[in-house]
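Chemist: Can you look at this prediction? I've put the sequence above it.
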Amino acid sequence: MNILLAAILKVVGVYAFVGANAFVLIWLERKVSAYIQRRYGPLRVGGPAGIFQSAADILKLLAKEDFVPGGADRWLWVLAPVVSVLPAVLVYLVLPVGRTFTLQNLNIGLLFFASVTSFTLLGIFMAGWGSNNKYSLLGAMRAGAQLFSYEIPLILSTIGVVLLSGSLQLQTIVSAQTQHGWFVFEQIIGFIVFFVASLAELNRTPFDLSEGESELVAGYFTEYSGMRWAMFAIAEYSNLFTTSALAVALFFGGWHGPWLPGWVWFLLKSYILVFVGMWIRWTLPRVRIDQLMDLGWKFLFPLSVANILGTAFVLMVR
Amino acid sequence: MAEQAVVVAGPDGDGQLMTINMGPQHPSTHGVLRLIVTLDGEVVVRVVPDIGYLHRNFEKIVEGWAYPGIVPFSDRNDYLAAIANEVAVCLAVEKLTDIEVPPRAVYLRVLFSELQRILSHILFYGTFGMDLGAFSPFMYAFRERELGYTLMEKATGARMLYAYNRLGGLRNDVSEPWLRELEGYLDYLERQAWPEYMGLLIDNQIYRERTIGVGKLTPEQAIAWGASGPVLRATGVPWDVRKSAPYLCYDRLEFDVPVGKNGDTYDSAMVRMLEIKQSARLIRQVLRLLPDGPVLAKVRPTVKPRAGEYYSRVESPRGEVGVYLVSDGSSRPYRLKWRAPSFCHLQLVPAMSEGWKLADLVAAVGSLDVIMGEVDR
Amino acid sequence: MSDERPSDPRSAALVAARAAALAAARKGRPGPPAGRAAAAEAPPPEALPPDLAAFGQRVAARLPDLKTDGGTVGLPAFRVRRERLLEACALLCGDPEFRMDYLTCLSGVDYPERIEVVYHLFSIPHPGRGLVLKTAAPKAEPDGRPWVPSVTAVWAGANWHEREVFDLLGLEFRGHPDLRRILLPEGFDGGFPLRKDFVDQREQRERKVRAR
């Protein structure tokens, strides 16, 4: 019984956090973009900083007409948002939030993370194909190529950390950093590759070709509106947080830090990385698809392999 | 839609090609432009621009109007640089009516034309960045444009469509405080805004990779297709109506004409950025040389040019705006043909982008800086 | 998108009233300038600057098919018969003495008996030069379609300009690679708007404006 109760609490807790995270990040994105663009962003809803803007957005989205586009492949189209949200939520299981607190401290935590996030690709394809819309299909094709190409440097860049800490278990990796020092200093190349690849995985500018507004209207989620679209947005912001959280766990010492409790440090560091991601999004233009592929295959991939070889060599020598 | 044209729906060829429709409502194309694009994957195999969505039959309407009314109406053609349109019409009518425009008005016309050039190029910078996926330069550009709008409003009474030129000069004079404010605006632009623009977008590596070598035109192509303005100068041809066929008082002012080398979108944008500085230089000269006097000549209410024809040319921010006026000696034109630079430039889209990728097509169309108002009239 | 002829008798009456008003308005006007005839009566135009005048004389000397046309201010102007148009254009564009490689404006003008095409030519290597070339297509053709040869082979940029003249004036350009309507919708069968006798044949509704 205890196990069942614990499981239910975990699930509810995760979904609550995902919802709260999306709520905060949507507002944060709008504020960050506004201040970078020298304007104010949401100003009215919920006091002078517009903190309840997300609530207003959610109410609006709930009130929208629910429809399935004519000619769409019904079940594919309807299930695509679900398939997108699922991996975004599942990876919370293995995040090392506090000193001893992880929802499910799998000893293959990192591998679990990598394999589950691959499912996002499936959701995008289902959306693009099921929409029966050329723009969506083009967007999904682009996204497919992009996500598939950047999975590899993303995962490979973390291998260096695995070598240094000797484990795939995320809690162990963080504990190793408390004695060893944060891995970002030794694995700086790994971190950079990881960060760039994760921006591509998240479909964020400069790698947002699949939703390139100026070219494809909205790419694979052109045909979604209302809460269905909101599911994609929630998935995106959730992924943004979890990827930053993973980067923090792997490279920045996770919950490690003086005075404050571990989970506070964890959240703080994760949100700083989220902010950096937003900062980049609103500053840079978009790359072209062939430039994107070049960057992934001809630059990041060899770099991450070189990182592994270099780390292994140094470890052998020590 | 019958006859030739292009199949709009469905895959064609051997099933590998896909024809999509970009526009007429679209977040990127500059106004109501429709591009029928045939794609092989990401590569553009064929692109056919379809225009006419903003056709308001300007040329027919003005055949029934008295000349003074045509001047403000022409604002609506190139609505981003409205003064240039008015000047073109005024030059044509004033030539055939032998109206002597007072020198102060001539210099002020130059001042406003150059100010419009600055504002138009700033807008180009913003929209070009947005075409490439950078959202912030657009906001920065509009901050400066807002300041420019305020200046224009103080001088002419309107923010975007001015009705400021009259046959024989300008509607009203500008005040000394306004001229000082304009100088302050130019200082701010040159010292602060321009370096910000360069740093934010033009010097960015991703921007350079998206624009260098993209949308290339050779000088021969540009001349044969009738390109003008920054599009022609980006290919290396040093042709500027202000230098080749000087009007107003441009022959008495010193300025350089930025010329590109490769004819790609990078050069096109760079030419416009440098023209902002040259326009600021021109305005400062005008501020120094501005003579005193009236700004409007005494013109009879009924303007009757002599019978004859005249082609007036003006360098607008987009290129050469021409007004071919056929007058039959009455108070209304017999024929007024508007030569719009964007109309000629849109013909270049297939040459610039066939064989390139979809993203390059968007960049190429953006770099032409077309305004559908003057394409369709 | 084709336009319906007015089916409603009130609408047809409105169209007829418009046509009558158009004819009445044109009666009061001095009429179109008729080229050389009008120029002979009009005050003499100002003289061209000397180098332009000399250029005009060189052109006239080299191309005997061109006849000087009065009435144009600021540039030397010539008329040519449409049968000799392409030759003249090819010579003006390609010959190293002239190099008029820049066609900036191609306009169509509707006159009572003919439709004129006016070409404004300039030269990139020689900025001081300019030329106006005119040709005409009589409206009285056996099949009712006035035509003029297309100059797209000489200046590629004439393409869309000629399409526009075809669209708005109904002048056919023989040899044009893709002659179809450009500004008006493809299926528009309501006539040619820029012609002087054009009356909008589409469904008309009476509009009442109440003074308040």
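Modeler: In hand now; what should we look at?
Chemist: only C-alpha atoms for contact and neighbour calcs from this point on.
Modeler: Will do.
Chemist: Are we agreed that C:Val132 is in a strand?
Modeler: Yes. Using DSSP: H, G, I helix; E, B strand; the rest coil, the assignment for C:Val132 is a strand.
Chemist: Nearest the geometric middle of chain B, what residue?
Modeler: Centroid-nearest residue in chain B: B:Arg318, 2.8 Å away (criterion: Cα atoms, centre = their mean).
Chemist: show me what contacts that one?
Modeler: Going by Cα atoms under 8 Å, 6 or more residues apart in numbering or on different chains, B:Arg318 touches B:Ser228, B:Gly229, B:Pro230, B:Pro341, B:Ser342, B:Asp369, B:Val370.
Chemist: Mind checking which of the residues you listed are in strands?
Modeler: Residues of the contacts of B:Arg318 located in strands (DSSP state E): none.
Chemist: Give me the subset of those residues that also touch chain C.
Modeler: Taking Cα under 8 Å from any Cα of the partner chain as the test, chain C is in contact with none of these.
Chemist: Helix or strand: which one has C:Leu52?
Modeler: helix C:50-62 (DSSP states H and E).
Chemist: Any part of that helix near chain B?
Modeler: No. Helix C:50-62 lies out of reach of chain B by Cα under 8 Å from any Cα, never closer than 12.3 Å.
Chemist: quick one: the strands in chain C?
Modeler: Under DSSP E, chain C gives strands at C:67-68, C:77-79, C:102-110, C:114-122, C:130-138, C:147-149, C:172-174.
Chemist: May I see those arranged in JSON lines, with distance to A:Val264, mean neighbour count and mean pLDDT as well?
Modeler: Output for the strands of chain C, formatted as JSON lines (distance: least, Cα to Cα, whole Å; neighbours: other Cα atoms under 10 Å in any protein chain shown; pLDDT from 0 to 100):
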{"stretch": "strand C:67-68", "distance to A:Val264": "89", "mean neighbour count": "16", "mean pLDDT": "76"}
{"stretch": "strand C:77-79", "distance to A:Val264": "83", "mean neighbour count": "22", "mean pLDDT": "88"}
{"stretch": "strand C:102-110", "distance to A:Val264": "69", "mean neighbour count": "24", "mean pLDDT": "92"}
{"stretch": "strand C:114-122", "distance to A:Val264": "73", "mean neighbour count": "20", "mean pLDDT": "92"}
{"stretch": "strand C:130-138", "distance to A:Val264": "77", "mean neighbour count": "21", "mean pLDDT": "90"}
{"stretch": "strand C:147-149", "distance to A:Val264": "80", "mean neighbour count": "19", "mean pLDDT": "91"}
{"stretch": "strand C:172-174", "distance to A:Val264": "77", "mean neighbour count": "18", "mean pLDDT": "90"}
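Chemist: Could I get those in CSV, plus columns for distance to chain B?
Modeler: Converted to CSV, the strands of chain C look like this (distance: least, Cα to the nearest Cα, whole Å):
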stretch, distance to chain B
strand C:67-68, 14
strand C:77-79, 10
strand C:102-110, 6
strand C:114-122, 8
strand C:130-138, 9
strand C:147-149, 18
strand C:172-174, 17
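Chemist: Ok, which of the ones you listed comes nearest B:Met139?
Modeler: strand C:102-110 (35.5 Å; Cα to Cα).
Chemist: Taking strand C:114-122 as reference, get the angle to the closest one.
Modeler: Taking axes from the mean of the first three to the mean of the last three Cα atoms, to 10 degrees, strand C:102-110 and strand C:114-122 form an angle of 160 degrees between their directions.
Chemist: Pairing partners for strand C:102-110, with directions?
Modeler: Here strand C:102-110 has these sheet partners by DSSP bridges: strand C:114-122 (antiparallel).
Chemist: Other residues contacting the strand it pairs with?
Modeler: Contacts of strand C:114-122 with the rest of the structure, by Cα under 8 Å, 6+ apart, involve C:100-110, C:129-140, C:146, C:171.
Chemist: show me where pLDDT drops low in chain C?
Modeler: C:1-11, C:23-46, C:212 (pLDDT under 70).
Chemist: again with the stretch 201-318 of chain A
Modeler: A:211-218.
Chemist: neighbours around whichever residue of the stretch 151-300 of chain A sits closest to chain B, how many?
Modeler: In the stretch 151-300 of chain A, the residue that lies nearest chain B is A:Pro285 (3.9 Å; Cα to the nearest Cα). Look at A:Pro285: counted by other Cα atoms under 10 Å in any protein chain shown, it has 28 neighbours.
Chemist: what's the closest non-adjacent residue to it?
Modeler: Leaving aside its sequence neighbours, A:Pro285 sits nearest to B:Ala134 (Cα to Cα, 6 or more residues apart in numbering or on different chains; 3.9 Å).
Chemist: Show the pLDDT at the one you found.
Modeler: pLDDT recorded at B:Ala134 is 84.
Chemist: how far away is the nearest residue to C:Val15 once chain neighbours are set aside from A:Ala249?
Modeler: Of all residues not flanking C:Val15 in the chain, C:Gln201 sits nearest, at 6.5 Å (Cα to Cα, 6+ apart). Counting by Cα to Cα, to the nearest Å, the separation of C:Gln201 from A:Ala249 is 74 Å.
Chemist: Comparing those two, which residue is more hemmed in?
Modeler: The neighbour count for C:Gln201 versus A:Ala249, taken as other Cα under 10 Å, is higher for A:Ala249 (28 against 20).
Chemist: For the spatially closest residue to the more buried one that is not a sequence neighbour, give me its contacts.
Modeler: Leaving aside its chain neighbours, A:Ala249 sits nearest to A:Val174 (5.9 Å; criterion: Cα to Cα, 6+ apart). Residues near A:Val174 by Cα under 8 Å, 6+ apart: A:Pro96, A:Ala249, A:Leu250, A:Gly253, A:Gly254, A:Trp255, A:His256.
Chemist: one step back: present the strands of chain C as JSON lines; the columns should include distance to B:Leu348.
Modeler: As requested, the strands of chain C are arranged in JSON lines below (distance: least, Cα to Cα, whole Å):
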{"stretch": "strand C:67-68", "distance to B:Leu348": "34"}
{"stretch": "strand C:77-79", "distance to B:Leu348": "29"}
{"stretch": "strand C:102-110", "distance to B:Leu348": "15"}
{"stretch": "strand C:114-122", "distance to B:Leu348": "20"}
{"stretch": "strand C:130-138", "distance to B:Leu348": "24"}
{"stretch": "strand C:147-149", "distance to B:Leu348": "23"}
{"stretch": "strand C:172-174", "distance to B:Leu348": "21"}
